[in-house]
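In: Any chance you can model this:
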Amino acid sequence: MAYINPAPGVSGYVSLILKSNSVAGNLTVPALQDVTINNANDVFTWTQLDTASKLQIPTTATNSISTNIVVDPTTFFGNVSTTANSATYLGVFGLSGQKTECTFYINFGAKTVTGTAYVTGLAPTVSADSPVWVTPVTLTVSGNYTVA
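Out: Below you'll find the predicted structure:
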């Protein structure tokens, strides 16, 4: 069983890095609140006249990464002083808006999950009860995960 014991001031134990597949440069997404790795295998179901139960076989999976982050303006909106069209230049918002295919790396200390994805599902919110901007982020994975 794996335990994550984050301590104040300790960073990098669980991290999310995005890289534009067209331009060099990594974007480390700060202020992760949570991370969920989804692997939802689809199942084809059918009935036959010679059986009382439905039959099923697995088909392709839908993979995605879900997270919530506290919005850092430079990371979210991009840093225009870096290489044009790189992940750091575009930021999370630009990667999503320009539908940029990204390679992602999620570091879990001893293991790293990687793959190719598109950034979707942004919905920044702020309220009196939560006075900092937070947003969900979904990485819609194209293909399989790689674990190393």
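In: mind checking how far the closest residue to Val137 other than its chain neighbours is from Leu18?
Out: In space, Val137 comes closest to Thr67 once its chain neighbours are excluded; the distance is 5.1 Å by Cβ to Cβ, 6 or more residues apart in numbering. Where you see a C-beta, it was placed from the backbone N, CA and C, and this is true even at glycine. As for Thr67, its distance to Leu18 is 11 Å (criterion: Cβ to Cβ, to the nearest Å).
In: Those two: who's more crowded?
Out: Leu18 (25 against 20; other Cβ atoms under 10 Å).
In: if I pick that one, what's in contact with it?
Out: By Cβ atoms under 8 Å, 6 or more residues apart in numbering, the contact set of Leu18 is Asn26, Leu27, Val29, Ala87, Val92, Leu95, Cys102, Thr103, Phe104, Val119.
In: In three-state terms, label the last one for me.
Out: Classification of Val119 into helix, strand or coil gives strand, according to DSSP: H, G, I helix; E, B strand; the rest coil.
In: residues in contact with it?
Out: Val119 touches Leu18, Val92, Leu95, Ser96, Thr100, Cys102, Val137, Thr138, Leu139, counting by Cβ under 8 Å, 6+ apart.
In: Identify, from the residues you listed, the entry nearest to Pro73.
Out: Taking Cβ to Cβ as the measure, Pro73 lies nearest Val92 of the contacts of Val119, at 10.7 Å.
In: May I have the phi/psi pair for that closest one?
Out: phi -60, psi -40 (degrees, to the nearest 10).
In: just Thr75 next, same as before
Out: Note on Thr75: backbone dihedrals following degrees, to the nearest 10 are phi -70, psi -40.
In: list the buried ones in the helix or strand of the chain with the lowest mean pLDDT?
Out: The helix or strand with the lowest mean pLDDT-type score in the chain, counting by mean pLDDT, DSSP states H and E, is strand 14-20 (a mean of 87). Under the neighbour-count criterion of 16 or more other Cβ atoms under 10 Å, strand 14-20 has Ser15, Leu16, Ile17, Leu18, Lys19, Ser20 buried.
In: can you list the residues you listed in CSV and add distance to Leu49?
Out: Below are the buried residues of strand 14-20 laid out as CSV (distance: Cβ to Cβ, whole Å):
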residue, distance to Leu49
Ser15, 54
Leu16, 50
Ile17, 53
Leu18, 51
Lys19, 53
Ser20, 53
